[in-house]
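Colleague: Here is a sequence with its predicted model. Questions after.
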Amino acid sequence: MVGKGIIKGMVETARNFLGSYVSKQRLTTIQYPEERAPQIEAARNFPFLVFDGTDAEQGLRCVACQICEKECPPKCIFIEKSKDKKPDATGKMQFYPATFNIDISVCMSCQICVEVCPFDSIKMDVVYDLSNNDRFAGLLLHKQQLAKSNEYYNTIHPTEAAAVDAHFAEERAKAAARVKAAAEAKLAAEAKAATDAKAKSETTLADTQAQPVGGGTR
Amino acid sequence: MSDATNLTAQIDINTIPALGKEQLLELAMGPQHPSTHGVFRMNVVLDGERVMKLKPVFGYLHRNHEKIAESETYLGSMPYTDRLDYICSITNNWAYAIAVEKLAGIEVPERAEYLRVITGELTRLQNHACLLGFLMQDMGASGTPLMYAFREREKIMDLFEGLTGARMMCNYLRFGGCRVDTPAGWMDAARKVVAEFPRFLDEYENLLVGNEILMDRTQEVGILSKELAINAGISGPMARASGVDYDIRKVDHYSIYDRFNFRIPLGERGDVYDRYMIRFLEMRESIKILEQAMRDIPDGPIVDPKTKIRGFRPKPGEAYGRIESPKGELGFYLVSDGALNPYRYRVRPPSLINLTVLEDLCIGQNVADVVVILGSIDIVLGEVDR
Amino acid sequence: MNVSFILLAIITVVGTAAAMGMRNAVHCVLALTVGLAGVAALYLQLGAQFVGFTQIMVYVGAVAILAVFAIMMTHSPEPAKPPTFSSFWTVGSVVAASVFAVLAWAIHSSSLAAHTLPPQPEVTVQQIGDALMHRFVLPLELMGLLLTAALIGAVVIAMNHREEIK
Amino acid sequence: MNLKLDQLDQIFVILNNWLLGYLPPVVRPLCSSILAIALILVTFALLFAITTVLERKGLGRIQNRFGPNRVGPCGFLQPIADGIKSLTKEDIVPNPADHVVHFLAPVLLVAAAFMAYAVLPIGRNMILVDMNAGVLYFFAIGSLMELAVFMAGWSSRSKYSLLGAMRAIAQMISYEVPLVLASIVVIMQSGSLSTVSIVNMQATYTGIWPHWFVFTPWGFAGFALFMIAATAESNRSPFDLPEGESEIIAGYYTEYSGFKFALFFLGEYIGMFATSAMAITLFLGGWSAPFSFLTWIPSYFWFFAKLLTIILTFIWVRGTLPRLRMDQLMNLAWEFMLPMTLLNLLTAGVWHFMPAGALRWLICGAMVVVPCILLSRGLKQRKKFQVRKYRFSE
Amino acid sequence: MNSLQNYLLLSSLLFSIGLAGALIRRNAILVLIGIELMLNAANLNLIAFWRFGPNPAALTGIMFAIFSISIAAAEAAVGLGIILAAYRHSKTTDLDRMNSLRG
């Protein structure tokens, strides 16, 4: 009988129509500005720079090694290394990015910069409502816009951030232990060679030994 | 295909064997046309509503993919492959990863293979569901089947987002494995989605499979003969709808497909209806594979620890890696000269090669059939134009 | 003379004159529909409702569309525009004008034509149907035959002979 | 109580008479018509607005989404926003287009669509003109719409418009035949072309059941055929080929924009309402209540309730079915609809001359059902379409 | 008041316009339309005579008009069919160029 298939289809649409009033399964729309889809932890969008502590300028983990700039497939990252050094979160002297721009109109959110970063300083953000009137300047993010705190990182990617923090804590403990050891050694040396005239040169040596600790989070 | 002079759109009307030539109407369908699946143009010569000649014009979405890949690192090309067939990014990754793994001789750990199969088959599900929706949309079903398909695709895309971080551009596979392991609870969520998927298929079947209008529109329309399918190098569901028993999962035994029990549906007539139904049946087979894979997946590492992220230089040589992508045989041909970037990089896009028979399928058909036939070929312009 | 008659007469005459005088054939047909609709309105004014609606249905719905279709199908693609009027258009105009002159003179001189409007007769569709089925049943049957013959004839004449030529 | 309800039923008539009482008798007929025309224009334009929202919301719900729900309460002010949008949009006329005809086409379409309402009885004593040849008038006006469609398609000078217009005219002419033939059964039975007397004939009751023509074998078949033809006449899915957006963009109004486009939209919907209202008048008893104990509800309420039901069915069908192809559409008209309507004429004749009883029902029912099944089976077999079985390779 | 004379004058004017069109137009379709116009003029005459005639209840004029309209429709269908056939043969609808009798 012609029409059976048509009637079956009509019944199916009627079921969906009625179902949309009773079941969330059949009414999947999310009313965007008021309602938002639940944040999925692994979600990624555009990169941002993590800083520790409260001061974005001071705590920035990035040391301007420029690996991400080199590895970025669409070449959307632009970094200018600073001339001077400044102490990072652990107090070590490091280069820092004088300029760090990401053109998110070019970025394709591939996450390769995150994978290659040896300092855990660039991570993927989840902000997606980035519409802008100016498609050139408005979508070129500068260091100030990119820098976001470690706490923020912890809220958007808790698992991943916890692992990074644990890793950092371990590294810092190691560094602290090494510094302590060095200081003890220094103290011992000072005590031992209090009368020694070459004490000054010893101290310099201890400093240089402690040098790799800051960059040793690899 | 790379013949750039081919892009001139004019059709020589004298090549058409018909009387009353002054009554022919040349119609440019596209590039701004609602149902050309992207920016695609068909110059159609019509006699009344009958198609006398058809000339596909493409390249509007050309992005120089292959040349860019030749100046990019091996890993750097991975996210670009996402953008080939943007509906099934993971299978694109997979074909490229297989090519590079062949080139560099990298082994893939067991768990990673399982993850690849799971994500790959999920991709097949979403591709086929979307295709059927789009096909119905082309037939004018005012979006209902398409919205149902998108509703299901949404669930799969949520899974992808949970695993890889992105919904469409997953960039998930790495040479020698996968990028990340499944987060806690992901596998259960995936099992739930797969378990619910047959319900959607039943709904679809009710809605359309027995529908007389659909059968009337698709049966005996756009018939692709078995001989032409083989000669034109057609692959994937389109070839199988014409009765060509050719599925690379069975032919190449790549990855771990040997371990799963699944069948390949084959069509007889090779018309639009067969192409539509083959995809429908393939979804049911994919669900079988997914169920088996999710049952058997072992623990273990997900990536070969020897592979380097930076400074990856395969030894000089060449390799061709191919898989059965949802659209057909997707292959990547790579030549390495030992540098950081491939010396030659070439994609065998199934969409493009399946598209080559478009004119043969359309001639003599109605103009309304052209969009249906085009829809049944299942093209994604990102892959056609590259 | 009342206003509605003058108005309808003007519409009719302008429409038909445009139909015969315009350059573009499709415009001609569109103008013709205006003229014929005017005639239909005149029928209504005269109390012949059924004929008036039949006129609209047949002429606007069928003949005009048919003519338009024929124009589309015989539309030649070459841009060369042939002259609209025949080479002996002066002769034709003179003939038409003289016909009108003779007719007008005849009407004017006829005593019969001076009749004024009698009271509106009540014509229902039922009456028309009765008349068709009783007094005019033979013409009706003949008309049916004619229409059938015309249908078949038109189909046969206009049929595409492409298959034969092949 | 009863008197009051009667007054409610006739409230518009009473209001009209009361208002006209203040005017000199010479202008009364004119003013009465103007008042009624204004009321029809407003009511059906409003119904159009509501229908667009209902359609979008209904389709949305069928497709598991909300549909418009932002403008106004539940999105019901959406048509106002749409209207403002289309009014403020640039009115683009293609340069080679025939400007005058291009302008006149939507005007003619909307005018013709509204003219059809003159003979549709919206309620008891609520009709603009009780014409003797009302049904004929309706179909005569319907043929004006074909001309408007042709004007739109031809004057745009676009290939898509022309293809769409050709499709539309071919479709409308083909389906006018079954449309008229399907309604002739009612005219045969009621012996009148006047819509008022057709409705009056159906507005009587046996027990609680009304004498609607749809409750007879020929009436039901006629109604079904009429509705199929009406769907095609008003270019609704699954017969929306003239504007099949996946094939020929928007058909004959491809080159229209702004308010003219909105006018086409309006004309199309108004035409659809008119044909639906005609179906109601002919088969569903017009403004009469479905049960005798419900006659206290005002007649116009029933009219609009029936109209809305038909509109909702249209929406439902649109949400489900893909569209046919041109040749299939024509085949349906000439190979299925036409023989069925002719057979239905015969059935109505048999019904008329047979004595009332179960036998009449049986014979007339068989006369409708059996050919329908045979015809559809024959067509199906000739086309050889079926649900197929597939083989698998391991 | 309206008199029969006015209607007759109008219909003769219509007839003349149709005649002029049929005589001077080159497009065969428009010639056919001219003929239709002449038929319409006759119809108008019929209706007018019926209305002004002594016995309107006999409906003779209306009947004649109805039959005349049917004939006109049949004529238009066949005429346009012939024009299409002729066009297919000679590739023109220009009557001045359709001047050979050879098939």
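Modeller: Structure's in. What do you need?
Colleague: Give the closest residue to residue 82 in space, chain neighbours not counted.
Modeller: All of this is about chain A. residue A:98 (4.4 Å; C-beta to C-beta, 6 or more residues apart in numbering or on different chains). All C-beta spots, glycine's among them, are computed from the backbone N, C-alpha and C.
Colleague: wrong one, chain E
Modeller: Nearest to residue E:82 is residue C:157, by C-beta to C-beta, 6+ apart, at 5.6 Å.
Colleague: Also residue B:329?
Modeller: residue B:235 (3.9 Å).
Colleague: tell me the pLDDT at residue 52?
Modeller: Let's take chain A. Looking at residue A:52, its pLDDT reads 81.
Colleague: I was thinking of chain C, sorry if that wasn't clear
Modeller: Reading off the model, residue C:52 has pLDDT 87.
Colleague: Helix or strand for it, just tell me which one.
Modeller: helix C:49-55 (DSSP states H and E).
Colleague: Quick one: list the elements packing against that helix.
Modeller: helix C:25-45, helix C:125-133, helix D:134-155, helix E:28-52, helix E:60-90 (3 or more C-beta pairs under 8 Å, 6 or more residues apart in numbering or on different chains; DSSP states H and E).
Colleague: any bit of the fourth one sitting next to chain D?
Modeller: By that I understand helix E:28-52. No. For helix E:28-52, no contact with chain D is found by C-beta under 8 Å from any C-beta of the partner chain; the gap never falls below 14.7 Å.
Colleague: Return the angle between stretch directions for that helix and helix C:25-45.
Modeller: 10 degrees (axes from the mean of the first three to the mean of the last three C-alpha atoms, to 10 degrees).
Colleague: so what does helix E:28-52 touch, helix or strand wise?
Modeller: Using 3+ C-beta pairs under 8 Å, 6+ apart, helix E:28-52 sits against helix C:3-21, helix C:25-45, helix C:49-55, helix C:64-73, helix E:4-24, helix E:60-90.
Colleague: Tell me which residue in the stretch 151-300 of chain B sits closest to chain A.
Modeller: residue B:210 (3.3 Å; C-beta to the nearest C-beta).
Colleague: Compute the number of surrounding residues for that residue.
Modeller: Neighbour count of residue B:210, defined by other C-beta atoms under 10 Å in any protein chain shown: 17.
Colleague: related to what we said a few turns ago, would you double-check that the residue nearest to residue B:329 falls in a strand?
Modeller: No. Under DSSP: H, G, I helix; E, B strand; the rest coil, residue B:235 falls outside any strand and is assigned coil.
Colleague: Could you double-check that it lies in contact with residue B:352?
Modeller: No. With contact defined as C-beta atoms under 8 Å, residue B:235 does not count as touching residue B:352 (11.3 Å).
Colleague: which of those two has more neighbours?
Modeller: The residue with more neighbours, out of residue B:235 and residue B:352, is residue B:235; 25 against 20, by other C-beta under 10 Å.
Colleague: That one and residue B:331: what is the separation?
Modeller: Per C-beta to C-beta, to the nearest Å, residue B:235 is found 10 Å from residue B:331.
Colleague: just residue B:220 next, same as before
Modeller: Distance of residue B:220 to residue B:331, given as C-beta to C-beta: 33 Å.
Colleague: how about the CA coordinates for the helix or strand hosting the residue nearest to residue E:82, as CSV?
Modeller: Element membership of residue C:157 [criterion: DSSP H and E] is helix C:137-158. Coordinates of each C-alpha in helix C:137-158 appear next as CSV, following Å, rounded to 0.1, in the frame of the first residue of the first chain:
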residue,chain,number,x,y,z
VAL,C,137,-28.2,19.4,-24.5
LEU,C,138,-27.3,18.6,-28.0
PRO,C,139,-25.0,21.7,-28.4
LEU,C,140,-23.5,20.8,-25.0
GLU,C,141,-22.7,17.3,-26.2
LEU,C,142,-21.3,18.6,-29.4
MET,C,143,-19.2,21.0,-27.4
GLY,C,144,-17.8,18.2,-25.4
LEU,C,145,-16.9,16.4,-28.6
LEU,C,146,-15.3,19.4,-30.0
LEU,C,147,-13.2,20.0,-26.9
THR,C,148,-12.1,16.4,-26.8
ALA,C,149,-11.2,16.6,-30.4
ALA,C,150,-9.3,19.8,-29.8
LEU,C,151,-7.5,18.3,-26.9
ILE,C,152,-6.3,15.3,-28.8
GLY,C,153,-5.6,17.4,-31.9
ALA,C,154,-3.5,19.9,-30.0
VAL,C,155,-1.5,17.2,-28.3
VAL,C,156,-0.9,15.4,-31.6
ILE,C,157,0.2,18.6,-33.4
ALA,C,158,2.4,19.9,-30.7
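Colleague: my guess is residue B:364 contacts residue B:50, does it?
Modeller: Yes. Using C-beta under 8 Å, residue B:364 is in contact with residue B:50, at 6.6 Å.
Colleague: More neighbours: the two, which one.
Modeller: Regarding residue B:364 and residue B:50, a neighbour count based on other C-beta under 10 Å identifies residue B:50 as having more, with 16 against 11.
Colleague: and that one, backbone torsions?
Modeller: The phi and psi torsions at residue B:50 (degrees, to the nearest 10) take the values phi -90, psi 140.
Colleague: ok, now residue B:57?
Modeller: Here is the backbone geometry of residue B:57 (degrees, to the nearest 10): phi -120, psi 120.
Colleague: quick one: the closest residue to it other than its chain neighbours and residue C:88, what's the gap?
Modeller: Of all residues not flanking residue B:57 in the chain, residue B:41 sits nearest, at 4.2 Å (C-beta to C-beta, 6+ apart). For residue B:41, the distance to residue C:88 (C-beta to C-beta) stands at 51 Å.
Colleague: Compare the two (neighbour count), which wins?
Modeller: Neighbour totals were compared for residue B:41 and residue C:88, and residue B:41 leads with 20 against 13 (other C-beta under 10 Å).
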